[in-house]
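**Q** Sequence first, predicted coordinates after that:
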Amino acid sequence: MLPSVLIVDDEKHTREGLRQALEDEYDVSLAANADEAFNLLDAETFDAVLTDLRMPGKSGLKVIDRALALPNRPAVIMMTAYGSVDTAVDAMKRGAVDFLTKPVNLERLEVLLQRALKTKTLEIEVNQLHERLDEKFSIQGIIGHSAPLVDLIAKVRLVAPSRATILIEGESGTGKELIAQALHQAGARARGPFVAVHCAALSENLLESELFGHERGAFTGAVERRTGRFESADGGTLFLDEIGEITASTQVKLLRFLETRMIERVGGSKPIQLDVRLVAATNRNLERMVAEGKFREDLFFRLNVVRLLMPTLRDRADDIPLLLSHYLKFFAKENGTPPPNLEAGALRTLCAYRWPGNIRELRNFCENAVVMHRGGRLTEYDLDPRYRATGGLVGEGGQAGGGGHGSPGGAALSNGGTLLALPGPAGASLSVEENEKRLLREALIKSRGNRTKAAQLMGLSRRTLHRKLAQWPELDTVD
């Protein structure tokens, strides 16, 4: 089956000429204006759309918006006889993969179409892989296929049917509550309640009342009896997050429940028998807290029947592309906008980043990217410098530059596989952006202003070099 291409142009000879050039290898459809294109896009699915910019009525930018709002988004290439940089940038921000100036160079068109269709095929494969991450790789919204995550999910499935108390350890933002929910849903208590309490968010008195409830008159302001979270979780699971933050008196009451399966409300004396499965989580080292006398040893042993260790995002870097894809789509749907198109350079940079905030930080990045880019292209140069700082300077050829042979604030310039050190000022620490700007200046000087040679020295395409020069116009005078 041939790939399908929609050509949108108000000039008949242009439409027909492009059809004749492409019809041997593509299934070509034609539209003379935006409205005709809209009708075809609603009726058929296209792999690519090639649209003129200026047409009577609605412009080609409207065609781009309509095409990229479809569930199965085609790759879009814009054509224009008015090849201004601003218009091209606008089209790219809206999600076009590239643009061509008229008269169209057919060889370049073929290259762009093949590249765009290859990218679209990869996107489809990633989406299909994501949809298959169900029983084998995913449980209750936990996404990934890295070895540490697969091992963790196997343990969750093993211990979920039991009544054992679970202790989940791991850094903040790693998804401990998701694992607690998975334990609940995969076990016999799935039809019962799942009740979560974040212990660090409540003061000592409030936490005890929140957990165990209180009787009327138990303290000032207790005007009526209150049912606590333990009672609310009867027949289900109680998840206590940040368990390392609870006070000594709460530790005693929690220990009593684990030993007797009974609680007493604050201000009460009648024991209440409960059937509650306890799952606790912490980002602190409880064993160290026991040694320091800050946490009861007997409670630690009661909690630590089964210990699950959450892998950090840097330990499961293979999952980063899937997580980015998932959360970009999630926030795009939530905001009613197409997800941004994450380019290969940006993806490499994000995969190299350490993510100290783990999945929570990645979620925040994705929400920001959706809001700020709204379906446009997201390159490595659009990223905040902190993401690029981790992996050094990465050119399109994949050559990475670090600190320049140990020189603080230095930079590295690719020159046919040889790294040339560019030391920074004595004692100075340059940002990645400053390093990159210095590299570009040195490349232009070395090439005597020849942009093609400068791009080769940098390991960049001419198009990317032009984009960087537009970002730093003062370098355009370097020769």
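**A** Yep, that arrived.
**Q** So for stretch 151-168, what gets flagged as buried?
**A** 152-153, 155-156, 159-160, 166-168 (16 or more other CB atoms under 10 Å). Every C-beta, even on glycine, is put in place using the N, C-alpha and C of the backbone.
**Q** Between the two ends of it, how far is it?
**A** 14 Å (CA to CA, to the nearest Å).
**Q** Just the mean pLDDT for that stretch, thanks.
**A** For stretch 151-168, the mean pLDDT works out to 94.
**Q** so where's this structure uncertain?
**A** Along the chain, the parts satisfying pLDDT under 70 run over 82-85, 125-141, 390-435, 459, 476-479.
**Q** can we see that at 80?
**A** 1, 81-92, 119-142, 204-205, 221, 374-375, 388-443, 445-449, 454-468, 470-479 (pLDDT under 80).
**Q** so where's the longest helix in it?
**A** helix 106-132 (DSSP state H).
**Q** after that helix, next one along is what?
**A** Downstream of helix 106-132, the next assigned helix or strand under DSSP states H and E is helix 147-159.
**Q** buried ones in the longest helix of the chain?
**A** Under 16+ other CB under 10 Å, the buried positions of helix 106-132 are 109, 112-113, 116-117, 120, 130.
**Q** What distance do you get for the residue positioned nearest the centre of the chain to residue 61?
**A** When CA atoms, centre = their mean is applied to the chain, the residue found nearest the centroid is residue 324 (2.8 Å). The spacing between residue 324 and residue 61, counted by CB to CB, to the nearest Å, is 27 Å.
**Q** How is the chain divided into domains?
**A** 4-128, 159-310, 313-391, 400-479 (automatic domain parsing).
**Q** As CSV, these with distance to residue 143 would be great.
**A** Shown next, in CSV, are those (distance: least, CB to CB, whole Å):
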stretch, distance to residue 143
domain 4-128, 12
domain 159-310, 10
domain 313-391, 5
domain 400-479, 28
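**Q** Go through those and name the closest to residue 147.
**A** domain 313-391 (8.0 Å; CB to CB).
**Q** Burial check on the closest residue to residue 378 other than its chain neighbours, number of neighbours?
**A** Spatially, and ignoring its direct neighbours in sequence, residue 378 is nearest to residue 340 (4.4 Å; CB to CB, 6 or more residues apart in numbering). Around residue 340 there are 24 other residues, counting by other CB atoms under 10 Å.
**Q** ok, residue 340 touching residue 369?
**A** Yes: taking CB atoms under 8 Å as the definition, residue 340 is a contact partner of residue 369 at 5.3 Å.
**Q** so who does residue 328 touch?
**A** 339-340, 342, 366, 369-370 (CB atoms under 8 Å, 6 or more residues apart in numbering).
**Q** ok now the host helix or strand of residue 455, how far from the chain's centre?
**A** Assigned by DSSP H and E, residue 455 belongs to helix 451-458. In this view, helix 451-458 has its centroid 32 Å away from the chain centroid, taken as CA atoms, centre = their mean, to the nearest Å.
**Q** helices or strands up against it?
**A** If you count contacts as 3 or more CB pairs under 8 Å, 6 or more residues apart in numbering; DSSP states H and E, helix 451-458 packs onto strand 411-415, helix 432-446, helix 462-471.
**Q** Comparing those, which comes out most buried?
**A** Among the helices and strands packed on helix 451-458, strand 411-415 has the highest mean neighbour count (mean count of other CB atoms under 10 Å), at a mean of 22.
**Q** how close does the closest residue to residue 21 other than its chain neighbours get to residue 29?
**A** Excluding the flanking residues, the one nearest residue 21 by CB to CB, 6+ apart is residue 106, at 5.2 Å. The gap separating residue 106 from residue 29 is 18 Å, by CB to CB.
**Q** now do residue 5
**A** Noted for residue 5: a distance of 7 Å to residue 29, by CB to CB.
**Q** who has more neighbours, those two?
**A** Legend: neighbour count by other CB under 10 Å for residue 5 and residue 29, higher for residue 5 (26 against 19).
**Q** who does the helix or strand encompassing the more buried one pair up with?
**A** Secondary structure assigned from DSSP H and E places residue 5 in strand 4-8. Applying DSSP bridges, strand 4-8 is found paired with strand 27-31 (parallel), strand 48-52 (parallel).
**Q** who touches both of residue 5 and residue 29?
**A** Shared contacts of residue 5 and residue 29, counting by CB under 8 Å, 6+ apart, come down to residue 46.
**Q** All the strands of the stretch 201-350 of the chain, in order from the start?
**A** 237-241, 262-263, 272-273, 277-282, 306-309, 341-342 (DSSP state E, counting those that start in this stretch).
**Q** residue contacts, the residue nearest to residue 375 when sequence neighbours are not counted?
**A** The spatially closest residue to residue 375, leaving aside those adjacent along the chain, is residue 338, at 3.3 Å (CB to CB, 6+ apart). For residue 338, the contact set (CB under 8 Å, 6+ apart) comprises 68-69, 73, 95, 332, 374-375.
**Q** quick one on the thing from earlier: now the strands paired with strand 4-8 in CSV, with distance to residue 360?
**A** As requested, the strands paired with strand 4-8 are exported to CSV (distance: least, CB to CB, whole Å):
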stretch, distance to residue 360
strand 27-31, 45
strand 48-52, 37
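**Q** Deepest-packed of those, please.
**A** Counting by mean count of other CB under 10 Å, strand 48-52 has the highest mean neighbour count of the strands paired with strand 4-8, with a mean of 27.
**Q** Count the residues that sit near residue 368.
**A** Other residues near residue 368 come to 12 when the count uses other CB under 10 Å.
**Q** Hmm, residue 15 is touching residue 36, no?
**A** No: with contact defined as CB under 8 Å, residue 15 does not reach residue 36; the gap is 10.7 Å.
**Q** The two - which one has more neighbours?
**A** Higher neighbour count among residue 15 and residue 36: residue 15, with 19 against 15, using other CB under 10 Å.
**Q** The more buried one should be in a strand, yeah?
**A** No: read with DSSP: H, G, I helix; E, B strand; the rest coil, residue 15 is helix and lies in no strand.
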